[in-house]
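Q: Just need the structure, nothing else, for what follows:
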Amino acid sequence: MTKKKLPVRFTGQHFTIDKVLIKDAIKESNINQHDTVLDIGAGKGFLTVHLLKNVNKVIAIENDVALSQHLSKKFINSQNVQVVRCDFRNFVVPKVPFKVVSNIPFSITSDIFKILMFENVKYFLGGSIILQSEPAKKMFSSKVYNPLTVLYHTYYDLKFLYEINPESFLPPPTVKSALLRIERKQNSLDIGLKVKYLNFVSYMLQKPDLTVKTAMKSIFRKKQVRSISEKFGVDLNSKIVCLSAKQWKNCFLEMLKVVPEKFHPS
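A: Got it, this is the predicted structure:
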């Protein structure tokens, strides 16, 4: 690729050209020959070409006209590759179990995560994602202010694998990148409760500086709050933002058991 043909990506995406990184992304995703895999922001297909050797079907999603045309030509004889030209935020996600192995457009990271791990939690099984390092690290902060982050950790096991050298991309990004592994938990919260659960967490995090004890008293009785502390090892004097995903889930399930539905956050 000559200098004049270097990609200009207003979405913030940079093409993955590092074969070791591609190999790691595929290995960590736990994909197999039966899987349907989404490659979000497929670019020139550097990752796609390796995926099609390992899975049943690859859906390469690319919003750029020229790049999507390039992908269509490149994979014209590949029966297990479907090229879709659109912004992923407008993509109709297949209503079948699927995984994602992708170097995603950095500028829409939060939208992609919400689409995958909230809106399509029923079908999204996990995978590996290359993203900007800063938002990846925020997913593992000891203090969580974003209710969606709590939800993601409730339904999925997330692992920050490592930071990526800028030279692994074309053009090299000016920000640090990282490889993230996502795997859906086997025994998690009922998916049908996801909206109610998000409402609960959002309500409790409205005032993030409150202690757990004070925040819980807005829904639970004093005796119930003490019971929660004893049953689930919750430090009532810590900030509400310090609860773990497991503690959030247990508190929510306790609310469903002991608090009348008319008092549930909506």
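
Q: Give the full set of residues in contact with Asn80.
A: By C-beta atoms under 8 Å, 6 or more residues apart in numbering, the residues touching Asn80 are Leu52, Val55, Asn56, Lys57, Val58. C-beta coordinates here come from the backbone N, C-alpha and C atoms, glycine included.

Q: What separation do you get for the last one and Phe15?
A: It refers to Val58. Computed as C-beta to C-beta, to the nearest Å, the Val58 to Phe15 distance reads 17 Å.

Q: Between the two, which has more neighbouring residues?
A: Ranked by neighbour count (other C-beta atoms under 10 Å), Val58 and Phe15 place Val58 first, with 28 against 21.

Q: by contact count, what packs against the strand or helix carrying that one?
A: For Val58, the enclosing helix or strand under DSSP states H and E is strand 57-62. When contacts are defined as 3 or more C-beta pairs under 8 Å, 6 or more residues apart in numbering; DSSP states H and E, strand 57-62 packs onto strand 36-40, helix 48-51, helix 65-74, strand 81-85.

Q: so which of those is the most packed in?
A: Of all those, strand 36-40 has the most neighbours on average by mean count of other C-beta atoms under 10 Å, namely a mean of 25.

Q: hmm, who's touching that one?
A: Outside of strand 36-40, the residues within contact range by C-beta under 8 Å, 6+ apart are 29, 31, 47-48, 51, 55-61, 88, 93-94, 96-102, 104-105, 112, 127.

Q: partner strands of that strand, parallel or antiparallel?
A: Sheet pairing for strand 36-40, assigned by DSSP bridges, gives strand 57-62 (parallel), strand 98-103 (parallel).

Q: ok, now which ones touch the residue at minimal distance from the centre of the chain?
A: Nearest to the mean C-alpha position of the chain, by C-alpha atoms, centre = their mean, lies Phe113 at 3.8 Å. Phe113 makes contacts with Leu148, Tyr152, as judged by C-beta under 8 Å, 6+ apart.

Q: Same question for Phe220.
A: Taking C-beta under 8 Å, 6+ apart, we find Phe220 in contact with Ile228, Glu254, Met255, Val258, Val259.

Q: 7 Å - rerun?
A: Neighbouring residues of Phe220 by C-beta atoms under 7 Å, 6 or more residues apart in numbering: Ile228, Val259.

Q: Report the residue spans of this structure with pLDDT below the cut-off.
A: By pLDDT under 70, the low-scoring segments of the chain are 1-13.

Q: Buried only: go through the contacts of strand 36-40 for me.
A: When the contacts of strand 36-40 are checked for burial by 16 or more other C-beta atoms under 10 Å, the buried set is 29, 31, 47-48, 51, 55, 57-61, 88, 93, 98-102, 104-105, 112, 127.

Q: Now do stretch 41-53: distance to the chain's middle.
A: Put simply, stretch 41-53 sits 20 Å off its chain's centre (C-alpha atoms, centre = their mean, to the nearest Å).

Q: Do me a favour and get the end-to-end distance for that stretch?
A: The straight-line separation of the ends of stretch 41-53 (C-alpha to C-alpha, to the nearest Å) is 19 Å.

Q: Go ahead and name everything in contact with that stretch.
A: So stretch 41-53 is in contact with 11, 13, 15-17, 22, 26, 37, 39, 58, 60-62, 67, 70-71, 74-75, 78, 80-81, 101-105, going by C-beta under 7 Å, 6+ apart.

Q: Likewise for stretch 140-150?
A: By C-beta under 7 Å, 6+ apart, the residues outside stretch 140-150 that reach it are 114, 118, 139, 160, 198, 201-202, 205, 208, 239, 241-242, 245, 248.

Q: can you dump the C-alpha coordinates of that stretch into CSV?
A: C-alpha atoms of stretch 140-150 as CSV (Å, rounded to 0.1, in the frame of the first residue of the first chain):
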residue,chain,number,x,y,z
PHE,A,140,-11.9,-2.8,35.0
SER,A,141,-11.8,0.1,37.4
SER,A,142,-12.4,-0.6,41.1
LYS,A,143,-15.0,2.2,41.0
VAL,A,144,-17.7,1.8,38.4
TYR,A,145,-19.9,4.7,37.6
ASN,A,146,-21.5,3.5,34.4
PRO,A,147,-24.5,1.1,35.0
LEU,A,148,-23.9,-0.6,31.6
THR,A,149,-20.4,-1.6,32.7
VAL,A,150,-22.0,-3.3,35.7
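
Q: Thanks a lot, catch you later.
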